[in-house]
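> coords please:
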Amino acid sequence: MKKYSLKTLESGAKKPFKIKYEDELNESQLKAVEVVEGPILVIAGAGSGKTRTLVYRVARLVEEGVKPEHILLLTFTRKASQEMLKRASAILDERCGKVSGGTFHSFANTILRRYANLIGFNNNFTILDRGDSEDVINLIRAQFGFHKKELRFPRKQAVTNVISKSINKGCSIEDVLAEDYPQFAENSNDLQKIHEEYKRYKKAKSIMDYDDLLIYLKILLQENDEIRVKLSNFYRFIMVDEYQDTNRLQANIIRLLASEHQNIMAVGDDSQSIYSFRGANFRNIMDFPKIFPGTKIITIEQNYRSTQSVLDLTNEIIERAKEKYSKTLFTRKEGRRKPVFIETQNENYQSKFIVQRVLELREEGISLNNISVLFRAAWHSNDLEIELATHNIPYVKYGGFKFIETAHVKDVIAHLRIAFNPLDSICWHRALLLIEGIGPKTANDITSEIVDNMRGLHFLRENRFMEKKYHKDLSRLSSTIEWISDNETVPAEKIRILLEYYKPLLENKYDDFNKRFNDLYSLVKICERYNNLEQFLVDVTLEPLEMSQIDAGVTDKEYLTLSTIHSAKGLEWHTVFIIFLVDGYLPSSYSLDDEESIEEERRLLYVATTRAKENLYLIKPEIEYTPRNYFSQSYSGFSRVSRFLSEGDILQKYVEKWMLEL
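Okay, here's the model as predicted:
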C-alpha cells in the first residue's frame, strides 16, 4: 500500500504586504507604523513627517486585516482627516476610505444622534452656531435684568466667551474673569446664573452648542457602561492627531473609548503645546503613560524641513524646558548658514531692516510667498505694517485683524480725519455713534447740520442737541477736535490728547478694552515719526492690495506673510523673521509671574524657529517702554533680550550676529 505523508502547513500565514513600508519610512516612523496593539505615544518633532506616519499606519492596520470601520482617526480639522484617508487610499486601496475619520465634534455628533434619548435629548436636536449661542445668552441676560444694572455688565459676546472657556479649560467662571475680564470679577455669580439657565434652556428645547457635543458624549460614555463597552469594542483601534492640543474633555473621551482594549495611538509634540488659551491641556500628553500603563513611547526626530544649523538652535531652546520628552532633531538636508541675530535701535529700525532684507531676498529669487514675519501678539506688527505699506510690499496677516482694520484704531483715525477735514461726513457719523445715547438717526441729523448746512464745530455747543443727556460728551468732542485742529503740534501729541477723550468711549464700547490698549500705544509710537498730520493720515490708510499693483513684477498671488506664532503652527517658509525677541514681548509680560506660562512661551519660540527651512532672522529692538495699561501711565520697562536666547551660550554658539549701520 502506498503511503502518503502529510506535511506540516503553516497556520494562518500572512500574505506579504502590498506596501514596502521599510522603503517608505525612516526607522522611527516604521516602528510607529508596525505596532498594532496597546497604547502608543508617538512624539513627532517639528517637520518629522507626523502626517506621513499616521497615513501609513492606517494603511498598515488595514493590511493587517483590521476592518476599516473599526479604526477611528480623530483630528482637529475635517480637512486633515479627509486628506489623510485620501492619501492612505492612494497608497493602498479604497478600503482606507471606509475608516471612521473626523473631528472630535463631528464624531460626537454622530454618536449622540444615535443615543440622544439616553442623555435627555431628541435625536433630531439642533446645534447652535456661535451667533445663535450669543443671542440665546443675550435673551437670558435680559430676562434676569442684568442689562439694566447701574454698573456695566458684560455683553453677550463676552459672556459667551467666559462660559465656553470655563468649559474647555475645566476651570471656574471666576478664574476666567480674573484672567481675561478682571473688570467684571464682581459679576461672577451673575454669570454663573446665566450659565445654569443657558444649560436648562438648551435641554428644554433639545438644542446643543459646540461645547455641548463633547460634554454630552463624555456623560454618555461615563454613565452608560453598556454603550461605552459597545463603542469601545467597535472602535478597536484609535488614533489621535495633535494630541498636545486636546483639552480635558477630549482626553477623558479618549480614555473612555479605549477602555476595553487600550489600543490607542496618540501622535503629537509636547514642545508644540501652545494653545492653553483655547483650553488645550499640556498635561494630557505628559501624563499619557500614567493614564495608559504600558505605553510604548516612540520618538521621531529626523526633520525634513530645516537645515541643521536651524535645528541646532531649536534643540538648544527646547532642551532647557522644565518638563518634556527628550528629543534631538536632526536632518540630512544640506545648508550651514547660521540663524542671524540682530539688535536694532528701536521698533522702526526693526521694520526698516525687514523691509530692506525682504526686497534683497526677492532680488535673489525668493518669492514673497516663501517669506514670513512671526510675532507673539498681533499688535507687534503694527509698525511693520505701516513700513511695508510705505514701500509697496503686499502682505497678508494671520492672527488678529490688520492693524488699520481694527475698530478701535479706525475710531481714533476717524477723529483725526475730522480734525484734518471737518467735512468728512463718514468719520463724523462714526465718531458720533461712539457717544452713549446717540443712534444712527441722531448721528445723521448732527452730521447733516455740521457738514451739509456748513454749521461747523460750534453747532455741537449751541444747538438743541445740547439739551439731551449726551450734551457733555458732545461738548468734549467739540473741544477735542478744536484743539487738534488749532494747535500746531506734532501728530503724536495730537493723538495723546485725543486718547484722553477716547478712553471712556473705548471702555464703554469694548468689553476687552484692556487688550486693545497696545494698539493705541503703537499708534502713538508710529505717529512720532511724522511732523504733519496729513502725511500720517495718508500713510496709515494705504491699502496693501492696491499697492501690490504698483510694484512691477508683483502678481496678485504673491504676498509676504505676517502671522502670530499661534496661527503659524503647521506652516513653513524658506525665510522666517521673528520680531520683538525682548523679555516682556516674548515671553509676554502677562506670563512673567507664572512658571507654567513661561514654559508655554518657550514652546512658542520653539514653534516659531522650526517654521524656517533655510534662513532664520531673530530680531531684538531696543524698547523705550512697554505699557501694561496705556492709559494708566504705568509702564514696565523692557529692553533685555528674550530669556530664551540669553540662556547658556545660545547667542555665542548658535547664531551669527549682525549690526545695523545707519
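> if I read this right, F104 contacts Q250, doesn't it?
Yes - if you go by CB atoms under 8 Å, F104 and Q250 touch, sitting 5.3 Å apart. All C-beta spots, glycine's among them, are computed from the backbone N, C-alpha and C.
> quick one, which of these two is more surrounded?
The residue with more neighbours, out of F104 and Q250, is Q250; 25 against 20, by other CB atoms under 10 Å.
> Does the more buried one belong to a helix, a strand or coil?
Secondary structure for Q250, judged by DSSP: H, G, I helix; E, B strand; the rest coil, is helix.
> That one: what's it in contact with?
Contacts for Q250 (CB atoms under 8 Å, 6 or more residues apart in numbering) come out as F104, L214, N284.
> again, only using 7 Å
F104, L214 (CB atoms under 7 Å, 6 or more residues apart in numbering).
> Now do it, the pLDDT please.
What the model reports for Q250 is a pLDDT of 94.
> likewise A32?
93.
> how much space between it and Q272?
17 Å (CB to CB, to the nearest Å).
> can you give me the strands in the stretch 101-250 of the chain?
126-127, 207-208, 237-240 (DSSP state E, counting those that start in this stretch).
> Let me see the residues that make contact with the second one.
Contact partners of strand 207-208, identified using CB under 7 Å, 6+ apart, comprise F125, T126, I127, L128, K202, Y216.
> Neighbouring strands - and their directions - for it?
strand 126-127 (parallel) (DSSP bridges).
> centre of the chain versus the strand it pairs with, how much separation?
26 Å (CA atoms, centre = their mean, to the nearest Å).
> what do you get for stretch 342-356?
25 Å.
> What residues of it count as buried?
342-344, 346-355 (16 or more other CB atoms under 10 Å).
> and which of the residues you listed is nearest L191?
Ranked by distance to L191 (CB to CB), those are led by E347 at 38.1 Å.
> Name the nearest of the contacts of strand 207-208 relative to K494.
L128 (45.4 Å).
> how close does the residue nearest to that closest one when sequence neighbours are not counted sit to G279?
Leaving aside its sequence neighbours, L128 sits nearest to D209 (CB to CB, 6 or more residues apart in numbering; 4.5 Å). Distance, D209 to G279, by CB to CB: 15 Å.
> show me where the stretch 151-300 of the chain has helices.
Applying DSSP state H, counting those that start in this stretch to the stretch 151-300 of the chain gives helices spanning 156-169, 173-180, 188-204, 210-223, 225-234, 248-257, 282-286, 288-291.
> What is the lengthiest strand in the chain packed up against?
Counting by DSSP state E, the longest strand found in the chain is strand 612-621. Packing partners of strand 612-621 (3 or more CB pairs under 7 Å, 6 or more residues apart in numbering; DSSP states H and E): strand 340-344, helix 347-363, strand 573-578.
> list the buried ones in it?
Per 16+ other CB under 10 Å, strand 612-621 contains these buried residues: A612, K613, E614, N615, L616, Y617, L618, I619, K620, P621.
> where in this protein is pLDDT low?
1, 3, 5-15, 147-151, 400-405, 455-458, 460-470, 538-556, 624-638 (pLDDT under 70).
> Buried ones in stretch 117-131, by neighbour count?
So stretch 117-131, judged by 16+ other CB under 10 Å, has buried residues I119, F121, F125, L128.
> so can I have a markdown table of those showing distance to A59?
What follows is the buried residues of stretch 117-131, written out as a markdown table (distance: CB to CB, whole Å):
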| residue | distance to A59 |
| --- | --- |
| I119 | 36 |
| F121 | 37 |
| F125 | 36 |
| L128 | 38 |
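> Show me which pair in the residues you listed is furthest apart.
Farthest pair in those, by CB to CB: I119 and L128, 16.6 Å.
> now for the buried residues of strand 612-621, which pair is the farthest apart?
Longest span within the buried residues of strand 612-621, CB to CB: K613 and P621, 24.9 Å.
> Keeping just the C-alphas, turn stretch 473-489 into PDB.
Only the C-alpha atoms of stretch 473-489 are listed here, as PDB (Å, rounded to 0.1, in the frame of the first residue of the first chain):
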ATOM      1  CA  ASP A 473     -19.900 114.300  25.600                       C
ATOM      2  CA  LEU A 474     -20.700 116.400  22.500                       C
ATOM      3  CA  SER A 475     -19.000 119.400  24.200                       C
ATOM      4  CA  ARG A 476     -16.000 117.200  24.900                       C
ATOM      5  CA  LEU A 477     -15.900 116.000  21.300                       C
ATOM      6  CA  SER A 478     -16.100 119.600  20.000                       C
ATOM      7  CA  SER A 479     -13.300 120.800  22.300                       C
ATOM      8  CA  THR A 480     -11.000 117.900  21.400                       C
ATOM      9  CA  ILE A 481     -11.400 118.300  17.700                       C
ATOM     10  CA  GLU A 482     -11.000 122.000  18.000                       C
ATOM     11  CA  TRP A 483      -7.700 121.600  20.000                       C
ATOM     12  CA  ILE A 484      -6.300 119.100  17.400                       C
ATOM     13  CA  SER A 485      -7.200 121.400  14.600                       C
ATOM     14  CA  ASP A 486      -5.900 124.600  16.000                       C
ATOM     15  CA  ASN A 487      -2.700 123.600  17.700                       C
ATOM     16  CA  GLU A 488       0.500 123.500  15.600                       C
ATOM     17  CA  THR A 489       2.000 120.500  17.400                       C
END
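> Not counting the helix of greatest length in the chain itself, show me its contacts.
When the chain is parsed with DSSP state H, its longest helix is helix 491-509. Helix 491-509 is touched from outside by 408, 411-412, 415-416, 434, 436, 476, 480, 483-484, 513, 516, 520, 523-524, 527-528, 530, 532-533, 536, 631, with contacts defined as CB under 7 Å, 6+ apart.
> Filter those residues down to the ones in strands?
Reading strands off the contacts of helix 491-509, I find no matches (DSSP E).
> So which of those belong to helices?
Using DSSP H, these in helices are 408, 411-412, 415-416, 476, 480, 483-484, 513, 516, 520, 523-524, 527, 533, 536.
> From N252, how far out is the closest residue to R248 other than its chain neighbours?
Once flanking residues are discounted, R248 sits nearest to G170: 4.3 Å by CB to CB, 6+ apart. Distance of G170 to N252, computed by CB to CB: 10 Å.
> Among these two, which residue is more densely surrounded?
N252 (19 against 13).
> from what I can see that one touches K218, true?
Yes - in this structure, N252 is within contact of K218 by CB atoms under 7 Å, at 5.5 Å.
> show me the contacts for the nearest residue to E614 once chain neighbours are set aside.
Of all residues not flanking E614 in the chain, H574 sits nearest, at 5.2 Å (CB to CB, 6+ apart). Applying CB under 7 Å, 6+ apart to H574 gives the contacts I366, N370, I371, K613, E614, N615.
> Quick one: these as CSV, columns for distance to E596 too.
Converted to CSV, these look like this (distance: CB to CB, whole Å):
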residue, distance to E596
I366, 38
N370, 35
I371, 33
K613, 31
E614, 34
N615, 32
